[in-house]
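>>> requesting a structural model of the entry that follows:
(one chain, ligands or ions: 1)
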Amino acid sequence: MERIRAVLIDIDGVLTVSWKALPGTVEAMERLRSAGLRLALVTNNTSRTRAVIAARLSGLGFPVTAGDVLTAPAATAAYLREHFPGARCLLLNSGDVREDLPGVTLVDGHGTDAEVEVDVIVLGGAGPEFGYEALNRVFRHLQRGARLVSMHRNLYWRTEGGLDLDTGAFLEGLEKASRTEAEVTGKPAPAFFASALAHLGADASETLMVGDDVESDVLAAQRSGITGVLVRTGKYLPETHRAASGTPDHVLDSFADLPGLLASG
Ligand SMILES: [Mg+2]
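Numbers count the residues shown, from 1 in each chain. Sure, this is the predicted structure:
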């Protein structure tokens, strides 16, 4: 662990659940900061802007500013600007993140097929917006050749009330029905981890990623050469851990235990 200089931290389920700090996590982040580690928060959160997320975390006591927060929408905007410059994008998302989509042309996609031109369908996080009418409109545009970009393909996330269904569940159906495959821009996309490393100026070999999603956070980071740490909080389920496609480098009960792991040499 002596070689670790940078830490990528998932937010939901690691630092917080339903925007309440998990026990000991504020103190743990303070210890990482005072140890001089470079930190970035890497989140597939699609409902809030980087500034709002940073303000929330800072309000809970975490030493965080907007520049520390890397979100799936911000990564998606970079991806769209590079691969689909000028494209007319139809965004289906729960929450307003337009501030983090600079340079992306959004159209509303309503009206008859002949009236509306959509080049790229962009899926964000699921919510009440993912109703039949909206999903069917997306399906229609896909049939007419629109490309499909998704900020992530998470199946569910943890709230105070239990697990809630997320975009991945709808995405699988859309892909099957339209015989297309989405391009994913948030975790677990290698490009997302690469941009986080570039942001910190860190090599994968000196970086650790901590998350509660064994596949999208931990094993995906490990495939990029980053040391993976799975925490048993948030969406963690023993059966999902057992059935995972690989083995995390480390497993901790909580993010609160991370400073201890890093100090263990
Ligand atoms: Mg998480």
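
>>> show me the domain layout of this protein.
The record's domain split for the chain, according to the TED database, is 6-44+187-263, 84-184.

>>> return the most buried member of those.
domain 6-44+187-263 (a mean of 19; mean count of other C-beta atoms under 10 Å). (C-beta placed from N, C-alpha, C; glycine too.)

>>> quick check, that one touching the ion?
Yes - interface with the ion: domain 6-44+187-263 contributes 10, 12-13, 212 (C-beta under 5 Å from the ion).

>>> and the residue of this structure closest to the ion?
Closest to the ion within the chain is G13: 3.6 Å, counting by C-beta to the ion.

>>> ok, that residue touching L237?
No - in this structure, G13 is not within contact of L237 by C-beta atoms under 8 Å, at 11.1 Å.

>>> so what pLDDT did F192 get?
With respect to pLDDT, F192 scores 94.

>>> renumber starting at 12 from here on
Okay, residue one is now 12; in that scheme the one you just asked about reads as F203.

>>> for the most centrally placed residue in the chain, give me its contacts.
Residue closest to the average C-alpha location in the chain (C-alpha atoms, centre = their mean): N55, at 1.6 Å. Neighbouring residues of N55 by C-beta atoms under 8 Å, 6 or more residues apart in numbering: 82-83, 136, 162-163, 165, 197-198, 227.

>>> repeat for V221
18-21, 25, 228, 240-242, 263, 266, 269.

>>> what sits opposite it in the beta ladder?
With DSSP bridges as the criterion, V221 is bridged to I20, V240.

>>> V160 too?
Assigned bridge partners for V160, using DSSP bridges, are V133, E194.

>>> same deal with the one 10 residues further on?
With beta bridges defined as DSSP bridges, T170 has these partners: G173.

>>> looking at it, it is touching W30, isn't it?
No - under the criterion of C-beta under 8 Å, T170 is not in contact with W30, lying 9.9 Å apart.

>>> can I get the host helix or strand of T251 in CSV? Just the C-alpha atoms.
If you go by DSSP states H and E, T251 is part of helix 249-253. The C-alpha coordinates for helix 249-253 follow below in CSV (Å, rounded to 0.1, in the frame of the first residue of the first chain):
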residue,chain,number,x,y,z
PRO,A,249,-23.0,-11.1,-0.2
GLU,A,250,-24.6,-13.1,-3.1
THR,A,251,-23.6,-10.4,-5.7
HIS,A,252,-20.0,-10.5,-4.3
ARG,A,253,-19.9,-14.4,-4.5
